[in-house]
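1. sequence unavailable; structure follows:
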C-alpha cells in the first residue's frame, strides 16, 4: 500500500528518497552529538588564560599555590552560592568536573554508605536509582558501571512524574537515589516545577539514605530574558522529610572553559562533613589557583550573570535556528514534536514510535552525527525508540542549520518509508 | 639514680631541662609537619600564573579549552616520560594530584579488580599491602580507610628488605600490593638499588594481580650534582614475572605549584587501557589548559631539569643546615642518628627506642610542631617509637635552624630524662 498523501503527483516516499539522496550527495560532516561549547563561547573566557597574573593570594590571605583548603576558595564559592542555592559555607569548590563529584559520591556510598545508611551500598542485595527520562546518558553510565539498577520515570514538562517517583521510592528500600537536572533539563530543557521540588523533598522513601543527585548544570544558562525559577531544594529538604536527602552539583564547564572549569558540590552539614572526610584520604586540596583565576575573572554574582548574557547572545541564534527549521520542515507533518527550551544546552526531538534509531542511522550515513538514539534512556534503550537529543551549541550557525535541515530530511524519509510499508 | 656523665658539675638532666625551659620561653611557633614547598620555591613558577596567555591549542591542534582528551596533553607527557621512566604513550596526565590517582586505583581495584584479578578486591576475604617502613603516611591512610591490612617491611638504606618482601608476597595470596617511593624515599631519602628493583619485578607473588604502587614523587628532586640512578621498573616488569605488575605515579606538585600542578599515572598497555576504561565514567577529560600551561612553562625535559636546579639552590641550604645542626648538637651523643638524603623532601631522625613520641610532644609544647611520631608507620604506630620525620622545606632558613636546634634540645632532654630514670 502506498501513501495517499501525494503532492505534485510524486508519492511522498519517492520525494523523501530523492531529498535524502541529495542530502547524502552533499557529503556533509556535521556533529551534533555532545553538549560542547563552541569556540566563540570559549573565547568569552579568554581573560582566564592570563589570570591570575601576579596575584596568588585568596581574600583571606591563603597562598593558593600551595597545598590545602579542602573546601575550595571562599570567594568563588560565594559567587556560585546564590545560583546553586547552597549557602557558601556548605558549598565546596573542587576539581574540573561535577561529573567526577557525582561519580565519587556513588563510589563512596558503595564503599562506605552515606549519612543515614544502615550499611555500605555495596553490601545491599540491590541498589536502584530513579532515572527521569529522557535524561543524561553520563548519569546512567555511572549506574550501569556499578551495577545500580535504573528505573525510568517519565518527565512531564515540569520535571519527573512525581506520582510514579513517590510510588517507587516509597515502596522499595533498594531505591536509593534519583538523578535530576532540575533546570533546563538535559535533554528536554524543562525546569522542575515548585510542586515537584516540594514533593521530592517531602516524599516518603523506603530507604533511609535516599539521595537526590541535583545536577544543577544549567543554573545560570538562560536563553531568554526571563530566567526560569527553581524552588530551593536544600531548604525544602531541611523543612521536609530528611535534611540530608539532597546533594547539589554544579560546574563552570559551560560557563567558562569546558575542560578547565571548576566543579561544585553542596548539601546539608552532615553531607558536607561526610564528603570532606571521604575525600580527605584522596587529596590535599583542589586547584585553588584555577579557583582564584575564576573568582578574579567573574568578580561576583553580577559578573557571572553578565558573562552568561554574552553566552546567551551566541547561543540564542542557534536555538532559534533549530526551532525555525524544525517548524518549517516538520511542522504540521505529524512526524515530529520537539521541546523549546528557555535555557540549557539541549532540546529533545520526538519522532514516531520505533523511528528514532532509524533516523539517527540515516542521518549518520548522510554525514550528520547525532547522539545515539536511546542514549537518553537507561541502558541506552528507549523502549518507544522515539527520542533524539539535539545538541545545537558546538557547530557554527551555518553548519547547525545544514544539520537540522538534513535531520528533517531524514525524519521525513523514515516517516514516509514507514507510511509506505505500514 | 642520677646520670654519672656530668659536665661543668651539672648533671645532664638538669642542664637539658634548663635548655628546654629556655627553648620553651622563646615562644617559637614553627611547623615542620608537612612536605610543603616554601613560598620562594613557588615563586620559581610565577610564570605559570600568566600562562597559557593567548595560546590555547595543543601541538596537535586540540583546543585545550574544551572537553576531551582522556590521556592528557601529549607534549606534557613527553616532558615527564624520561624522568618517570614511562613511554609517553603509556603515561597519562591527569588532575592536580597523584595521591588521588593512587587512591582511585585502590578504589577501582576494590570495585572492579585490576587486570588479572580473579575477582573484585572487595570480594576478597582479606586484602593486604606491604608497607616499607618508615614510609608515607598518606599511602597508609588509603589502606586504613578501605580496610586493607598493612604489613610493614623494613627499609634497608637501599629500599625495602627484599627477603622479607619476597617471603610475604610469595606466601600470602591476600598480599595484593606494595607502596614504594623509590627515589629519595619519604621519609628516609634513600633510593632503591638496582637489585631491589629487579627483585620486585621478578619475585613470585601468591596473588596473580599483585601491584607495585611506584610513587616516583621525587624523580627529579635532586639535592646534589649527582642524581641518584633508579632502575627502570616497567622495563624490569615487562621482562620479569608480570608486565602488568607496576603502576607508576608522579606529579608536578613539588616541581611547580603544590596545589595547582599535574599528576601522572603510567604502566603497561593493559593497565593503561584498564585505567582509561575505569575513568571514562568519571570524567570527560583532565584540565588540559593547566597541562598546556605546564608544557609551555617547562618547555622540554631540559627545561624541567633547569627548573629543578633552581629548586635545589633553594632547598640545599636547608638540608645542609639540618645536617650541620644535628651533627653539632647531637653528634656523638648516642641519642640520635639521621639520614642525609641526596634528594627529595624529607629526612628521618632516629632517636632511642621508646623516645620519639615524647620528643615530638616536648617539641610541640615548645612551639615546634613535628609530624606525629608513628606517622611513618602503618596505623600511625611505630612499634619501636623511634622514627621522626623531618620536613625542612617549608620554613624559612632561620626558622628551620631554630626548629632543628630546638628539636635537638628536646632529644637531649628526653634522652637525659630516660638516662636519669633508667
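-> It's in. The model shown is predicted, which means the values in this text are computed figures rather than measured ones. Numbers count the residues shown, from 1 in each chain, chains lettered A, B, ... in the order given.

2. and the helix ranked longest in chain A, what's buried?
-> Ranked by residue count under DSSP state H, the longest helix found in chain A is helix A:301-330. Neighbour-count burial for helix A:301-330 flags A:304, A:307-308, A:311-312, A:314-315, A:318-319, A:321-323, A:325-326, A:329-330 (criterion: 16 or more other Cβ atoms under 10 Å in any protein chain shown). Backbone N, C-alpha and C define where each C-beta goes, glycine included.

3. and residue A:163, how many residues sit next to it?
-> For residue A:163, the neighbour count with other Cβ atoms under 10 Å in any protein chain shown is 11.

4. how is chain A carved up into domains?
-> Domain assignment for chain A, taken from automatic domain parsing, gives A:12-32+A:305-420, A:55-298.

5. deepest of these, which one?
-> The highest mean neighbour count among these, using mean count of other Cβ atoms under 10 Å in any protein chain shown, belongs to domain A:55-298: a mean of 21.

6. tell me if that one is near chain B.
-> Yes: under the criterion of Cβ under 8 Å from any Cβ of the partner chain, chain B is reached by domain A:55-298 at A:55-56, A:63-69, A:95-97, A:99-100, A:103-104, A:107, A:110-111, A:122, A:138, A:141-142, A:145-146, A:253, A:257-260, A:281-290.

7. tell me which of these fall in helices.
-> In helices, judged by DSSP H, the following of those are found: A:99-100, A:103-104, A:107, A:110-111, A:138, A:141-142, A:145, A:288-290.

8. mind listing what residue A:260 touches?
-> Residue A:260 makes contact with A:48, A:96, A:290, B:64-65, B:287-290, according to Cβ atoms under 8 Å, 6 or more residues apart in numbering or on different chains.

9. re the thing from before, nearest to residue B:366, out of the domains of chain A?
-> Across the domains of chain A, residue B:366 has its closest neighbour in domain A:55-298 (24.6 Å, Cβ to Cβ).

10. can I get the ones in helices among the residues of domain A:55-298 next to chain B in JSON lines with pLDDT?
-> Output for these, formatted as JSON lines (pLDDT from 0 to 100):
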{"residue": "A:99", "pLDDT": "98"}
{"residue": "A:100", "pLDDT": "98"}
{"residue": "A:103", "pLDDT": "98"}
{"residue": "A:104", "pLDDT": "98"}
{"residue": "A:107", "pLDDT": "98"}
{"residue": "A:110", "pLDDT": "98"}
{"residue": "A:111", "pLDDT": "98"}
{"residue": "A:138", "pLDDT": "97"}
{"residue": "A:141", "pLDDT": "98"}
{"residue": "A:142", "pLDDT": "98"}
{"residue": "A:145", "pLDDT": "98"}
{"residue": "A:288", "pLDDT": "98"}
{"residue": "A:289", "pLDDT": "98"}
{"residue": "A:290", "pLDDT": "98"}
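
11. from those, pick the one nearest residue A:35.
-> Once Cβ to Cβ is applied, the member of these that ends up nearest residue A:35 is residue A:138, at 10.0 Å.

12. contacting residues for the closest one?
-> For residue A:138, the contacting residues are A:99, B:281, B:284, by Cβ under 8 Å, 6+ apart.

13. and the end-to-end length of stretch A:246-261?
-> Length of stretch A:246-261, first residue to last, Cα to Cα, to the nearest Å: 23 Å.

14. for the record, mean pLDDT for it?
-> Average pLDDT, stretch A:246-261: 97.

15. confidence score at residue A:12?
-> 87.

16. may I have the secondary structure class of the closest residue to it other than its chain neighbours?
-> Of all residues not flanking residue A:12 in the chain, residue A:416 sits nearest, at 4.5 Å (Cβ to Cβ, 6 or more residues apart in numbering or on different chains). Three-state assignment for residue A:416 (DSSP: H, G, I helix; E, B strand; the rest coil): helix.

17. against residue A:15, how distant is residue A:416?
-> Counting by Cβ to Cβ, to the nearest Å, the separation of residue A:416 from residue A:15 is 8 Å.

18. stretch A:313-328 and chain B, any residue contact?
-> No: figure legend: stretch A:313-328 not in contact with chain B (Cβ under 8 Å from any Cβ); closest approach 14.5 Å.

19. how far away from the center of its chain is that stretch?
-> Centroid separation between stretch A:313-328 and its chain, computed with Cα atoms, centre = their mean, to the nearest Å, is 19 Å.

20. what mean pLDDT does that stretch get?
-> 98.

21. mind listing the helices for the stretch 151-300 of chain A?
-> A:162-171, A:194-202, A:233-239, A:269-279, A:288-298 (DSSP state H, counting those that start in this stretch).

22. so what does the fourth one touch, helix or strand wise?
-> Under the contact criterion of 3 or more Cβ pairs under 8 Å, 6 or more residues apart in numbering or on different chains; DSSP states H and E, helix A:269-279 touches strand A:91-93, helix A:98-112, strand A:263-267.

23. columns distance to residue A:344 on top of those, output as TSV?
-> Formatted as TSV, these follow (distance: least, Cβ to Cβ, whole Å):
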stretch	distance to residue A:344
strand A:91-93	21
helix A:98-112	15
strand A:263-267	17
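
24. now residue A:363. Nearest residue, chain neighbours left out?
-> Spatial nearest neighbour of residue A:363, chain neighbours left out: residue A:410 (4.6 Å); criterion: Cβ to Cβ, 6+ apart.

25. brilliant, that's me finished.
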